[in-house]
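Trainee: need the 3D shape of this:
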Amino acid sequence: MKSDNVKKDYTKAPHRSLFRAMGYVDEELDRPLIGVVNFQNEIVPGHIHLDTIAKAVKEGIRTAGGTPIEVPAIAVCDGIAMNHIGMKYSLVSRELIADSIETMAIAHQFDGLVLIPNCDKTVPGALMAAARINVPTVIVSGGPMMAGVDPKGNKTSLSQMFEAVGAMSAGNLTREELCFMEDNACPGCGSCSGMFTANSMNCLTEAVGMGLPGNGTIPAVMAARIRLAKEAGFKVMELVEKDIKPRDIMTEKAFRNALTVDMALGCSTNSMLHLPAIAREAGVKIDLEKANGMSAVTPNLCKLAPAGPHFMEELNAAGGVYAVMNELSKLDLIEKDVMTVAGETIGEGIAKRRVLNYEIIRPVENPYSKTGGIAVLKGNLAEAGSVVKRSAVAPEMLVHEGPAKVFECEEDTMDAILSGKIVPGDVVVIRYEGPKGGPGMREMLSPTSSLAGRGLDSCVALITDGRFSGATRGAAIGHVSPEAAEGGLIGVVQDGDRISINIPEGKIELLVPEEELAERMKNFVPKEPAVKTGILAKYAKLVKSASEGAVLSAE
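Mentor: Take a look at the predicted model:
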């Protein structure tokens, strides 16, 4: 066992003395040591309950003959970090998470790992670490939040809370209605109840083979989530015994499955940052062209909030991710021979699941659209690509041309939106919010939600070198690469320039004569990142383009 490096032979007597200091006995040290990485804290609603998940995982490990050792990991609540400097730290936390898990696992020579994340950057960070460390690992998440309720009695979620701010500023919502939503939109623990980034990535743990069936959809408050956690403890011991490692599971075929499921579910555009970053750790290359190719042949089967009226609890009741994959297999879109942490192939697993509600999961013969929920756009404004959640775009905005209104940061944009300066037909451009320019590539949920709340999401587009929350809806195009801070064309867009967007054709163009653009670019000097100290300064120096997953590299 790997852990023999810290517990076997007379030369490890000093190490064993430290285990003795913590109360460990010989019977525990004779077993495989399994690191249980618990992301629990008291600031993230999706993580507040993870102590109960960790307890169940440890019971499963002990029952199956291992010794669980719990260690902590950090997590950022993107909702609380939204629309202020805190959001600059969100994407950065993904790298910190991966690095810290690597540090704890290798420093202490764990034989296996169970990772317990739940919200946005924690899941990709955990998967990146799993691929990097490559010891037997299971991901078991905390589960989604139940849907809330709005003043009219309809199901709702956090995204409607952000939209309510715009609605109130436009006089379309009363203070009393806003307070009612504040009290009822987020009814309890779990990752926010729509197909936002956290639940997107939790669902994709199943598709890539690293999460047990149900990991992405079983609500946080259900007993089935505790049973799943115990099962994760059992399964990691099987993986240790059989020496099945993450890179045996996260193969090129597994990532093809993940991209396919991504398109069918209509996942967050952030998956186009995270999947390439995870794949890179596993030695697999994913680029945006590959994603577009998968989107072209994959039907969109689900309309989950914010793209539609359904929520994660309904997807779970309809059969979950494996039922979606079973449906996709009818078109031969699923690689069935991929191994999973369940100890069986994807094909064997999905054969046991079927769609229980075809209103929630459409049949492949009658999809919402014949193409996937995410589209990659390219053109002179985004030569290396940009990303939009096509399934959440109003039909009338799939093709749009309008005048640019340019802002240097999110805060200035919000002031303009709430003061009524953005009008139908506009194309809002927010720059210097990319990985380097931010630094940190903030999510732009507040601007997009405020536009939606003011009824402008069906007539105004928004373009940024930053990114969007999975809760964003509308013609919101992010990840514009190269970003302004790297000398991208977005840095020289001027107020009034015409911008053309054609989502079905995958095009985004700045309609300015080439001679004038050449002159602008010749005189263009990108602004320096605003933050010069701390981790954000280090991040700005090392981060790669959003088109490469915004990974860190010293090269």
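Trainee: residues making contact with the helix or strand bottoming out on mean pLDDT in the chain?
Mentor: For the chain, counting by mean pLDDT, DSSP states H and E, helix 288-297 ranks last in confidence among helices and strands (a mean of 88). For helix 288-297, the external contacting residues (Cβ atoms under 8 Å, 6 or more residues apart in numbering) are 256, 259-260, 262-263, 272, 275, 333, 371-376, 384-385, 387, 390, 506, 547. For glycine as for every other residue, the C-beta is placed from the backbone atoms N, C-alpha and C.
Trainee: which parts of it are buried?
Mentor: L288, K290, A291, N292, M294, S295 (16 or more other Cβ atoms under 10 Å).
Trainee: also stretch 273-286?
Mentor: Within stretch 273-286, the residues scored as buried using 16+ other Cβ under 10 Å are L273, H274, L275, P276, A277, I278, A279, R280, E281, A282, V284, I286.
Trainee: try stretch 143-159
Mentor: 143-151, 155-159.
Trainee: same deal with stretch 471-486?
Mentor: For stretch 471-486, the buried set under the neighbour-count rule, 16+ other Cβ under 10 Å, comprises 471-486.
Trainee: select the longest strand from the chain.
Mentor: Longest strand in the chain by number of residues (criterion: DSSP state E): strand 399-407.
Trainee: and it, what does it pack onto?
Mentor: Judged by 3 or more Cβ pairs under 8 Å, 6 or more residues apart in numbering; DSSP states H and E, strand 399-407 is in contact with helix 410-418, strand 427-430, strand 498-502.
Trainee: can you say which of those is packed in most?
Mentor: Of all these, strand 427-430 has the most neighbours on average by mean count of other Cβ atoms under 10 Å, namely a mean of 26.
Trainee: compare the helices and strands packed on strand 399-407 and give me the one nearest I360.
Mentor: Closest approach to I360 among these is made by strand 498-502 (30.3 Å; Cβ to Cβ).
Trainee: and V321, what pLDDT?
Mentor: Predicted confidence (pLDDT) for V321: 98.
Trainee: next one: S469
Mentor: For S469, the model assigns a pLDDT of 89.
Trainee: that one and T197 touch, don't they?
Mentor: Yes - S469 is in contact with T197 according to Cβ atoms under 8 Å; the separation is 6.6 Å.
Trainee: and for those two, which residues touch both?
Mentor: D78, S268, N270.
Trainee: thinking again about what came up before, possible to save the buried residues of stretch 273-286 as JSON lines with pLDDT, secondary structure and distance to D99?
Mentor: Converted to JSON lines, the buried residues of stretch 273-286 look like this (pLDDT from 0 to 100; DSSP: H, G, I helix; E, B strand; the rest coil; distance: Cβ to Cβ, whole Å):
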{"residue": "L273", "pLDDT": "96", "secondary structure": "helix", "distance to D99": "17"}
{"residue": "H274", "pLDDT": "97", "secondary structure": "helix", "distance to D99": "16"}
{"residue": "L275", "pLDDT": "97", "secondary structure": "helix", "distance to D99": "19"}
{"residue": "P276", "pLDDT": "96", "secondary structure": "helix", "distance to D99": "18"}
{"residue": "A277", "pLDDT": "97", "secondary structure": "helix", "distance to D99": "13"}
{"residue": "I278", "pLDDT": "98", "secondary structure": "helix", "distance to D99": "15"}
{"residue": "A279", "pLDDT": "97", "secondary structure": "helix", "distance to D99": "18"}
{"residue": "R280", "pLDDT": "97", "secondary structure": "helix", "distance to D99": "15"}
{"residue": "E281", "pLDDT": "98", "secondary structure": "helix", "distance to D99": "12"}
{"residue": "A282", "pLDDT": "98", "secondary structure": "coil", "distance to D99": "17"}
{"residue": "V284", "pLDDT": "97", "secondary structure": "coil", "distance to D99": "20"}
{"residue": "I286", "pLDDT": "91", "secondary structure": "coil", "distance to D99": "21"}
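Trainee: what helix or strand is the nearest residue to G283 once chain neighbours are set aside located in?
Mentor: The shortest distance from G283 to any non-neighbouring residue, by Cβ to Cβ, 6 or more residues apart in numbering, is to R247 (6.8 Å). R247 belongs to helix 246-249 when assigned by DSSP states H and E.
Trainee: buried ones in the helix or strand just after that helix?
Mentor: Going down the chain from helix 246-249, the next helix or strand is helix 252-265, by DSSP H and E. The neighbour-count check on helix 252-265 (16+ other Cβ under 10 Å) flags 253-265 as buried.
Trainee: contacts only, for A264.
Mentor: Per Cβ under 8 Å, 6+ apart, neighbours of A264: T298, P299, N300, L301, C302, V324, E327, L328, G372, G373.
Trainee: try it again at 7 Å.
Mentor: Each residue near A264 by Cβ atoms under 7 Å, 6 or more residues apart in numbering is listed here: T298, P299, N300, L301, C302, V324, L328, G372.
Trainee: also P482?
Mentor: By Cβ under 7 Å, 6+ apart, P482 lies in contact with E383, A384, G488, S545.
Trainee: so which of these sit within strands?
Mentor: If you go by DSSP E, the contacts of P482 have E383, A384 in strands.
Trainee: wait, which of the contacts of P482 is closest to A54?
Mentor: Using Cβ to Cβ, the contacts of P482 come closest to A54 at S545, 36.3 Å.
Trainee: tell me the centre residue of the protein?
Mentor: The structure's the chain has its C-alpha centroid closest to T197; by Cα atoms, centre = their mean the separation is 3.6 Å.
Trainee: against A279, how distant is that one?
Mentor: 17 Å (Cβ to Cβ, to the nearest Å).
Trainee: for the helices and strands packed on strand 399-407, give me CSV that also has distance to V114 and mean pLDDT.
Mentor: Output for these, formatted as CSV (distance: least, Cβ to Cβ, whole Å; pLDDT from 0 to 100):
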stretch, distance to V114, mean pLDDT
helix 410-418, 37, 95
strand 427-430, 39, 98
strand 498-502, 44, 98
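Trainee: buried set for the lengthiest helix in the chain?
Mentor: Ranked by residue count and defined by DSSP state H, the top helix of the chain is helix 223-242. The neighbour-count check on helix 223-242 (16+ other Cβ under 10 Å) flags 225-226, 228-240 as buried.
Trainee: tell me which of those is nearest to P306?
Mentor: R225 (23.9 Å).
Trainee: what about the nearest residue to V543 once chain neighbours are set aside, how many neighbours?
Mentor: The shortest distance from V543 to any non-neighbouring residue, by Cβ to Cβ, 6+ apart, is to P435 (4.3 Å). Using other Cβ atoms under 10 Å, the number of residues around P435 comes to 32.
Trainee: surely L462 is in a strand?
Mentor: Yes - L462: assigned to a strand according to DSSP: H, G, I helix; E, B strand; the rest coil.
Trainee: so who does it touch?
Mentor: Contacts of L462 were listed using Cβ under 7 Å, 6+ apart, and they are V428, M444, P447, T448, L451, A475, A476.
Trainee: gap between it and L115?
Mentor: Relative to L115, L462 is positioned 34 Å away (Cβ to Cβ).
Trainee: hmm, back to that, toward the C-terminus, what is the element adjacent to the least confident helix or strand of the chain?
Mentor: According to DSSP H and E, the helix or strand after helix 288-297 is helix 312-317.
Trainee: tell me where this protein has strands.
Mentor: Under the criterion DSSP E, strands of the chain are mapped to 33-38, 67-72, 112-116, 137-139, 148-149, 155-156, 375-379, 382-388, 399-407, 427-430, 461-464, 476-481, 498-502, 507-510.
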